[in-house]
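> any chance you can model this:
(one chain, ligands or ions: 2)
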Amino acid sequence: MEVNQIDIEEIVKKILNDLKNEPKENIKESNSTLPSTCRAAVLTDVKKIEVKEFNIPEINDDEMLVKVEGCGVCGTDIHEYKGDPFGLIPLVLGHEGTGEIVKLGKNVRRDSAGKEIKKGDKIVTSVVPCGECDICLNHPDKTNLCENSKIYGLIPDDNYHLNGWFSEYIVIRKGSTFYKVNDMNLNLRLLVEPAAVVVHAVERAKTTGLLKFNSKVLVQGCGPIGLLLLSVVKTLGVENIIAVDGDENRLNMAKRLGATALVNFTKYSNIDELVEAVKKASDGIGADFAFQCTGVPSAASNIWKFVRRGGGLCEVGFFVNNGDCKINPHYDICNKEITAVGSWTYTPQDYLTTFDFLKRAKEIGLPIEELITHRFSLDKMNEAMEINMKQEGIKVVYINDRF
Ligand SMILES: [Zn+2]
Ligand SMILES: [Zn+2]
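Ligands and ions are numbered 1, 2, ... in the order given. Modelled structure (predicted):
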């Protein structure tokens, strides 16, 4: 091929231009001055979120400033939106967030797994244990039970204001646990926190010795938590998974995530019929292990009846107090010799397992990213809350459209 002078000139010009453009963009990235203010969605009254402008505070040597990319809306956010359980108003909600480090205090060198961090890294946050209580001091592997533990999105308003992820920027404080997650896409990063909740529940379940390849595992409640939990169980290699819910769309999603039997409880007029349906789906015996992932007391009663003699269950659904439920100590516990475990949020260490779960789930083709069904910008957060309350779709998330 003949190359004439003009072509060469063109090529050289293009290369020079490309070279010129590339570093220019990088310089712009690293030296860009941050805005002095940003917007955050503030819960200003019961069921009322307003977008407010705040100064971006100066961070100290132990803090980080993170530009928010997005944050999932959680059941806890909804409870707070409705004025319970903590009644923290005004408040910037959102704890399932992810974003990019834009400013780094000089003492913050590594994430909670020991990985070096720098400006431009993507992170997710976990809890901020108090480090001083009996649990933190004497049971450091159980920091999920620290009663003074803080979580972004439930930190009362103060001079920083940017204390939750429903914002354009967030200040990550000293003592926070957080992880670098550059190797995960935005959808997966948005699922990390709720996935950590279910990974913890499955770790609790494993302690019973009842989760095996050939176990028949039942998951009651196919909201985001139930569906993610089902995905963890599937990813572990459990073949027989029974999903119980009252919504056909959610049951269909359960099937796509690996459920092998679906039970729609609305089709049965009483608990005996429902128990029969569950037994039919588990070789006439009942489930080896059952996860209770609803916040409904009657469902928490029913779950005991779905489990076989010698089986076990895990209560995952009650992150707020939704009331008492009735169980029969003779039939439900003693006579069947059931092993029950409770599960409460997660420890920072559960995040490491969670990253592997999310990657593995994607590798085996589980459509977990499709759990995110609704995306809202900051000025639409009231709508996001309402959609969540109506339980339309599955996972509702905030996406920062100015990222
Ligand atoms: Zn959550
Ligand atoms: Zn503590």
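> and the helices in the stretch 101-250 of the chain, which stretches?
134-138, 186-206, 224-235, 248-256 (DSSP state H, counting those that start in this stretch).
> for those helices, give me JSON lines that also has mean neighbour count, distance to Glu363 and mean pLDDT.
Quick note: C-beta positions are derived from backbone N, CA and C, even for glycine. Formatted as JSON lines, these follow (neighbours: other CB atoms under 10 Å; distance: least, CB to CB, whole Å; pLDDT from 0 to 100):
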{"stretch": "helix 134-138", "mean neighbour count": "13", "distance to Glu363": "35", "mean pLDDT": "96"}
{"stretch": "helix 186-206", "mean neighbour count": "24", "distance to Glu363": "12", "mean pLDDT": "98"}
{"stretch": "helix 224-235", "mean neighbour count": "27", "distance to Glu363": "9", "mean pLDDT": "98"}
{"stretch": "helix 248-256", "mean neighbour count": "17", "distance to Glu363": "16", "mean pLDDT": "97"}
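> between those, which gets nearest to ligand 1?
helix 186-206 (5.1 Å; CB to the ion).
> please save the CA atoms from that closest one in PDB.
What follows is helix 186-206, C-alpha atoms only, in PDB (Å, rounded to 0.1, in the frame of the first residue of the first chain):
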ATOM      1  CA  LEU A 186     -22.900   0.100  38.900                       C
ATOM      2  CA  ASN A 187     -25.900  -2.300  39.100                       C
ATOM      3  CA  LEU A 188     -23.900  -4.800  41.100                       C
ATOM      4  CA  ARG A 189     -22.400  -2.200  43.300                       C
ATOM      5  CA  LEU A 190     -26.000  -1.000  44.100                       C
ATOM      6  CA  LEU A 191     -26.900  -4.500  45.200                       C
ATOM      7  CA  VAL A 192     -23.900  -5.000  47.500                       C
ATOM      8  CA  GLU A 193     -25.600  -3.900  50.700                       C
ATOM      9  CA  PRO A 194     -28.900  -5.800  50.500                       C
ATOM     10  CA  ALA A 195     -26.800  -8.800  49.200                       C
ATOM     11  CA  ALA A 196     -24.700  -8.600  52.300                       C
ATOM     12  CA  VAL A 197     -27.900  -8.900  54.400                       C
ATOM     13  CA  VAL A 198     -28.700 -12.200  52.700                       C
ATOM     14  CA  VAL A 199     -25.200 -13.500  52.600                       C
ATOM     15  CA  HIS A 200     -25.100 -13.000  56.400                       C
ATOM     16  CA  ALA A 201     -28.400 -14.900  56.700                       C
ATOM     17  CA  VAL A 202     -27.100 -17.800  54.700                       C
ATOM     18  CA  GLU A 203     -23.900 -17.900  56.800                       C
ATOM     19  CA  ARG A 204     -26.200 -18.100  59.900                       C
ATOM     20  CA  ALA A 205     -28.200 -20.900  58.200                       C
ATOM     21  CA  LYS A 206     -25.000 -22.800  57.400                       C
END
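> with respect to Met385, which of the helices of the stretch 101-250 of the chain lies nearest?
helix 224-235 (14.8 Å; CB to CB).
> between the two ends of stretch 290-308, how far is it?
End-to-end span of stretch 290-308 (CA to CA, to the nearest Å): 10 Å.
> what are the buried residues along it?
Within stretch 290-308, the residues scored as buried using 16 or more other CB atoms under 10 Å are 290-296, 299-308.
> of all the helices of the stretch 101-250 of the chain, which one is nearest ligand 2?
Of all the helices of the stretch 101-250 of the chain, helix 134-138 sits nearest to ligand 2, with 3.3 Å by CB to the ion.
> what does the closest one rub up against?
Contacting residues not belonging to helix 134-138 are listed as Pro129, Cys130, Gly131, Lys142, Thr143, Leu145, Cys146, Glu147 [CB atoms under 8 Å, 6 or more residues apart in numbering].
> next: stretch 363-377.
Stretch 363-377 is contacted from outside by 70, 72, 185, 187-188, 190-191, 224, 227-228, 231, 234-235, 253, 256-258, 358, 361-362, 383-384, 387, 392-401, using CB under 8 Å, 6+ apart.
> just to revisit the earlier point, quick one: buried ones out of the contacts of helix 134-138?
Pro129, Cys130, Thr143, Cys146.
> I figured the third one hits Pro129, correct?
Yes - contact criterion CB atoms under 8 Å: Thr143 and Pro129 qualify, at 4.2 Å.
> shared neighbours of these two, anything?
Here Thr143 and Pro129 have Cys136, Ser149, Pro348 as joint contacts, going by CB under 8 Å, 6+ apart.
> got the residues of the stretch 1-150 of the chain near ligand 1?
By CB under 5 Å from the ion, the residues of the stretch 1-150 of the chain that approach ligand 1 are Cys74, Glu96.
> the residue nearest to Asp401 when sequence neighbours are not counted: how many residues sit nearby?
Nearest-residue entry for Asp401: Ser377, 4.5 Å, with adjacent residues in sequence omitted and distances by CB to CB, 6 or more residues apart in numbering. Neighbourhood size, Ser377 [other CB atoms under 10 Å]: 16.
> then Asp379?
13.
> mind checking pLDDT for the closest residue in space to it that isn't next to it in sequence?
With sequence-adjacent residues excluded and distances taken as CB to CB, 6+ apart, Asp379 is closest to Val51, at 5.3 Å. pLDDT, Val51: 98.
> then the one 4 residues further on?
The pLDDT attached to Asn55 in the predicted structure is 97.
> next one: it from ligand 1, what distance?
Distance of Asn55 to ligand 1, computed by CB to the ion, to the nearest Å: 28 Å.
> same question for Ser167.
Taken as CB to the ion, the span from Ser167 to ligand 1 is 16 Å.
> and for Ile387?
For Ile387, the distance to ligand 1 - CB to the ion - is 16 Å.
> Lys390 too?
18 Å.
> try Gly87
18 Å.
> may I have the residues that are in contact with that residue?
No residues are in contact with Gly87 under the rule CB under 8 Å, 6+ apart.
> ok, now the one 5 residues further on?
Under the criterion of CB under 8 Å, 6+ apart, the neighbours of Val92 are 40-43, 153, 157, 161-167.
> name the nearest residue to it, ignoring sequence neighbours.
Per CB to CB, 6+ apart, closest to Val92 is Gly164, 3.5 Å.
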